[in-house]
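*Asks:* Quick one, structure for this:
(2 chains)
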Amino acid sequence: MRYLFRRAVELLATLLLASFLVFVVTEFSPGNVARKTLGAFALQEQVDLLYQRLHLNDPLLVRYGRWLGVLTGVIADPLQDPALKLDFKDPRGDRYFGNFGYSTLYKAPVNDVLWDRLGNTALLAGLAFAVIVPLSLVLGILAGMRAGSRLDRIVSTASIVMTSVPEFASGVILAAIFVVGLGWLPGTSPLDTESGWSIASQLVLPVTVLALYDAGYVARMVRSSMAEVMAKPYIRTAVLKGLNFRTVILRHALRNAMIAPFTVILLQVNWLIGGVVVTEMVFAYPGFGRMLLDASLFGDISLIEAATLIALLVAVTTQLLSDLGYRLLNPQVR
Amino acid sequence: MSLLSIRNLRVEYRTAAGVSVALPDFSLDIQEGERFGLVGESGCGKSTLIMAIMGYLGRNGAIAAGSIHFDGQDLTHASEQTLRGVRGSKIAIVYQEPATALNPTLTIGRQLMEVPITHAGAGTAQARRLAEQVLADVHLPDPASVMARYPNQLSGGQKQRVVIAMALLASPKLLLLDEPTTGLDVTVEAAVLDLVAELREKYRTALFYISHNLGVIARVADRIGVMYAGELVEDAAATALFADPRHPYTRGLLGAIPRLGSDKGSATLSPIPGNVPSPGAPRIGCAFAPRCDFAEPGACDQGPIRMYHAGPAHLARCVRFDQLGGVRRPPPSQAGAAPAAGAAVLEVDGLSKVFALGRARLVANDQLRFTASAGRVLAIVGESGSGKSTFARILCGLDTASGGSLRFAGADLAATRLRGRSQEQVAAIQMVFQNPDGTLNPAHSVGWPIGRALRKFGVSRRGAETEARVKALLELVRLPAHLRHALPRQLSGGQKQRIAIARAFAGNPTLLIADEPVSALDVSVQAAVINLLLSIQAEGRTSMVFISHDLALVRYLADEVVVLYLGKVMESGKVAALFAPPYHPYTEALLSAVPIPDPTVKQVRIRLEGEIPSPLNPGPGCRFAGRCPRKLGPVCDSDPPPVQEASPGHLIACHIPLATLAAVPPVFAQA
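*Replies:* Residues are numbered from 1 along each chain as shown, chains lettered A, B, ... in the order given. You can find the predicted model right below:
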């Protein structure tokens, strides 16, 4: 219990520190903050006026404090001040917890944009994760439990091939077969039914591309950990106790073999949330990664900050989960 | 009919380089309830034999010919199902390293309960009862709490007791013990051996005990087999084997280890030249002939050598078994001539090392006080955790002391790290480590570290001069000069240790620290390295601090001994004085635990209770009081023991009066 509390405090501290770094990096990126807010076609006087009104000359720490205040709902978002005549309106009001500001790219509050995209990516990531984990565990365990067998060689070779083909290539190849050739699946996945394809059918290809790419990698991790455990003296002890192979695998090998890959598997969540830009681009999927890319290219500061913070939160949470799971699996660190 | 009958067994491994024969033609019978010991060096096929019996040779191993019968069952090519009925129930194994033989993620209880559940169809409750019962049998305190623990929560000795308990749970007919005490402290080893003997009486199990240690085998076995290069070369009753060995290899093994009571002044260790042949090497005639003093062309290089009857129930695989003559003892070496005590080279006074661990204090070295004289060998003995290595680290500058002084060549080095020492001081104190494999960089030729030491210590600057010096040093350690270009993996363990010695002597040290320099080497090679160390040390009048847990070896080569327990000096003095009463009770317990390779020697049996206590926050009294079999009373816990001088230079830190200690019967007696 004390350990959990300590970890929670550490998690908060990490987030706070990271948010400061994110703030510094985005605010210092090339170009004037006010200019970024107003866009390229605003007049210089408007920009200067906004610059003053927003107190952008204040020291960095003061501005960070103000940003944090807006985020936590302690102070009102200055951009929504009607006196600025920016016409930025948020139906939630200008002061509430979790106020990420206003997206200049989508001309809408960040909260209106962010969560839809995150939900879409979570759907994609969740489905991919649900395929990757069982598939790679089964393949990795079967291959690793008899290292050097024919099954092991087949699985190992197949996983290397799967990991080596980049997502854009496998995406294009699969699209060529199933979209152009067979016409079974849609080529794009905008997650609306205007094209006549069901949402489910739109998800098939992106999930397959992600699963193919990642399952090979995870399976190889599981395989090598399993093979290592199978060579341990305590497995020999178990066999020479007279246990059957099934019991040896299930009771003695699996848990030990899962200790090392467990962290790697949870790290895949981070990658699936923030790092699947390529797949989202290939299939025109309205996801989180693509939004982050668009926001960065446009210079949408509030959205970048919000998205980065969300990605960080996910990363820190999976880290905590993997640490907890590690302690659960491995009695030696308890 | 024999319990276990192995006939003409041939085991082969398929490797990338072709088929390698681990056991060419092996035959052995073990009777019910027998205590059989098998001796052999690493690589002679002991483990292959065990795994062949258990039908667990791995993917690339196979029985190519011969048969294994156990209790009327043919195990040679038995199915998995048949083997499962034998493994763990009729034949059980006690493994070499208990730390790795137990599953780290399952509780002890679950691992034990598996056995009766699998073999006796026991229910959970019954299995639990049986497991707790057997844990009590192996004298583990509080079995119920041990059941709930994980292996990492137990000490090495406790883990080995658990492994023994696991092996005995199904009351096997045959218990295979594969070096079960290697790596354990000598006192723990003695307790484990006692336990095995006691349990054999109770469970009526036949023992098949495998070890490289002749002393251990002498203690546990009635009949002994000696194995060399995959063959049994001698098979005899324990007493006959030690009294009248009939195979030159057995004689070689016995000559390579120090006899009790012998020292470098009275005897020389005779190493066996050469190395164990690699499995798969072609052989005609006797496999040992290339290393044998008795080998005779025309007799020893003809066809396979059969077993000859050398006496009643005494077999030897030697054509000349009846021409070996009596057991010869080589004359004492020149190196052994006891050097006159020189001036003190190293004076340790009040040296302490305390590690702060949070609020607790770990006292690794506590007020050490002793001196090492020029040209002599000072041995430091003690179990693991006694602070031997901590002292060595301080001495060579890898760590600093928390208090006290360490006077060496006119300077106090107690608080000076390696970086703060002058080049001369660094060159003067050099170290030879325990494991020669880990101390040589695998990417460099073995001559490289020697050359680097020469340049570093300013002995030679120019390339040609360094080259010549390296050659001279290799000659000093009796290695051919061309080996300086070899990579570490191309050398045997003994050769690597010679390289380490050559490197240590590159800067002409005045003090050599040898931390268990031979404990990782095979018996036949140990003797050669010891002889080498002694002769170089005596020639150069180098002083040596020899750290070891092997008391027989210490008796052989040391001039003075310091006995440490939990960081404190228990006893110190001349080696002969330490090995006779009056003893410190701890020294007495250590001596009584030493395995003696001679079944005719009777040892007083003193066993220490419990485990070595934690060195955290020690109390004011004697460190040994908690386990001392001769504890006087509360005074031992409350007052630090006085240091008594039993004879000039022989110091004992104990509350017991000297007269009482002197009246204690000697630990060893010749029957």
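*Asks:* Tell me where chain A has helices.
*Replies:* Applying DSSP state H to chain A gives helices spanning A:2-27, A:33-38, A:44-53, A:60-72, A:110-145, A:150-164, A:167-175, A:199-230, A:233-240, A:245-247, A:254-274, A:277-282, A:288-298, A:301-329.
*Asks:* Alpha carbons of the third one, as CSV, please.
*Replies:* Output of helix A:44-53 as CSV, limited to C-alpha atoms (Å, rounded to 0.1, in the frame of the first residue of the first chain):
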residue,chain,number,x,y,z
GLN,A,44,0.8,42.9,-37.0
GLU,A,45,-1.2,45.3,-34.7
GLN,A,46,-3.6,42.5,-33.8
VAL,A,47,-0.7,40.3,-33.0
ASP,A,48,1.0,43.0,-30.8
LEU,A,49,-2.2,43.7,-29.0
LEU,A,50,-2.8,40.1,-28.2
TYR,A,51,0.8,39.8,-27.1
GLN,A,52,0.3,42.5,-24.6
ARG,A,53,-3.1,41.3,-23.4
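*Asks:* Contact partners for whichever residue of chain B sits closest to chain A?
*Replies:* At 3.6 Å from chain A, residue B:88 is the closest residue in chain B, using CB to the nearest CB. Placement of C-beta: from N, CA and C, glycine included. If you count contacts by CB atoms under 8 Å, 6 or more residues apart in numbering or on different chains, residue B:88 has them with A:240, A:241, A:242, A:243, B:115, B:118, B:119, B:170, B:172.
*Asks:* How about the residues of chain A by chain B?
*Replies:* Within reach of chain B by CB under 8 Å from any CB of the partner chain, chain A has these residues: A:148, A:232-234, A:236-245, A:247, A:251-252, A:255-256, A:259, A:329-332.
*Asks:* out of these, which are buried?
*Replies:* Those of those that meet the buried threshold are A:232-234, A:236-243, A:247, A:251-252, A:255-256, A:259, A:329-331, by 16 or more other CB atoms under 10 Å in any protein chain shown.
*Asks:* Could you give the bridge partners of residue B:23?
*Replies:* For residue B:23, the beta-bridge partners are residue B:11 (DSSP bridges).
*Asks:* number of nearby residues for it?
*Replies:* Taking other CB atoms under 10 Å in any protein chain shown as the criterion, the count of residues near residue B:23 is 27.
*Asks:* ok, residue 208 - how many residues close by?
*Replies:* You didn't pick a chain, so chain A it is. 19.
*Asks:* other chain: chain B
*Replies:* 26.
*Asks:* In three-state terms, how would the closest residue in space to it that isn't next to it in sequence be classified?
*Replies:* In space, and not counting its chain neighbours, residue B:208 is closest to residue B:176: 4.9 Å by CB to CB, 6 or more residues apart in numbering or on different chains. Assigned with DSSP: H, G, I helix; E, B strand; the rest coil, residue B:176 falls in the strand class.
*Asks:* Tabulate the helices of chain A in JSON lines, adding columns for mean pLDDT.
*Replies:* Formatted as JSON lines, the helices of chain A follow (pLDDT from 0 to 100):
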{"stretch": "helix A:2-27", "mean pLDDT": "85"}
{"stretch": "helix A:33-38", "mean pLDDT": "70"}
{"stretch": "helix A:44-53", "mean pLDDT": "78"}
{"stretch": "helix A:60-72", "mean pLDDT": "84"}
{"stretch": "helix A:110-145", "mean pLDDT": "90"}
{"stretch": "helix A:150-164", "mean pLDDT": "91"}
{"stretch": "helix A:167-175", "mean pLDDT": "86"}
{"stretch": "helix A:199-230", "mean pLDDT": "90"}
{"stretch": "helix A:233-240", "mean pLDDT": "92"}
{"stretch": "helix A:245-247", "mean pLDDT": "91"}
{"stretch": "helix A:254-274", "mean pLDDT": "87"}
{"stretch": "helix A:277-282", "mean pLDDT": "85"}
{"stretch": "helix A:288-298", "mean pLDDT": "85"}
{"stretch": "helix A:301-329", "mean pLDDT": "86"}
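*Asks:* Nearest to residue B:194, out of those helices?
*Replies:* Evaluated over the helices of chain A, closeness to residue B:194 peaks at helix A:233-240, with 23.6 Å, by CB to CB.
*Asks:* angle of the closest one against helix A:110-145?
*Replies:* 60 degrees (axes from the mean of the first three to the mean of the last three CA atoms, to 10 degrees).
*Asks:* Just the CA trace of helix A:233-240, in CSV.
*Replies:* The C-alpha atoms that make up helix A:233-240 are tabulated as CSV, following Å, rounded to 0.1, in the frame of the first residue of the first chain:
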residue,chain,number,x,y,z
PRO,A,233,18.3,-25.8,-13.9
TYR,A,234,15.0,-25.5,-12.2
ILE,A,235,13.2,-26.6,-15.4
ARG,A,236,15.5,-29.6,-15.3
THR,A,237,14.5,-30.1,-11.7
ALA,A,238,10.9,-30.0,-12.6
VAL,A,239,11.3,-32.5,-15.5
LEU,A,240,13.4,-34.9,-13.3
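*Asks:* so what secondary structure elements neighbour it?
*Replies:* Here helix A:233-240 touches strand B:91-94, helix B:98-101, going by 3 or more CB pairs under 8 Å, 6 or more residues apart in numbering or on different chains; DSSP states H and E.
*Asks:* residues in contact with the last one?
*Replies:* By that I understand helix B:98-101. Helix B:98-101 is contacted from outside by A:232-234, A:236-237, B:95, B:151, B:156, B:159-160, B:162-163, B:180, using CB under 8 Å, 6+ apart.
*Asks:* Can you tell me which of those residues is nearest residue B:634?
*Replies:* Residue B:634 lies nearest to residue B:156 out of these, by CB to CB, at 31.4 Å.
*Asks:* Hmm, the closest one is touching residue B:183, no?
*Replies:* Yes. The pair residue B:156 / residue B:183 is scored as a contact, 7.2 Å apart, by CB atoms under 8 Å.
*Asks:* wait, what's in contact with residue A:219?
*Replies:* Residues in contact with residue A:219 (CB under 8 Å, 6+ apart) are A:135, A:136, A:137, A:139, A:140, A:143, A:155, A:159.
*Asks:* give the contact list for the residue most central in space within chain A.
*Replies:* Centroid-nearest residue in chain A, with CA atoms, centre = their mean: residue A:273, separated by 1.9 Å. Counting by CB under 8 Å, 6+ apart, residue A:273 touches A:118, A:121, A:122, A:125, A:288, A:289, A:311, A:314.
*Asks:* and with 10 Å instead?
*Replies:* For residue A:273, the contact set (CB atoms under 10 Å, 6 or more residues apart in numbering or on different chains) comprises A:118, A:121-122, A:124-125, A:287-289, A:310-311, A:313-315, A:318.
*Asks:* What of residue A:230?
*Replies:* Going by CB under 10 Å, 6+ apart, residue A:230 touches A:144, A:145, A:146, A:147, A:236, A:239, A:248, A:249, A:252, A:253, A:256, A:257.
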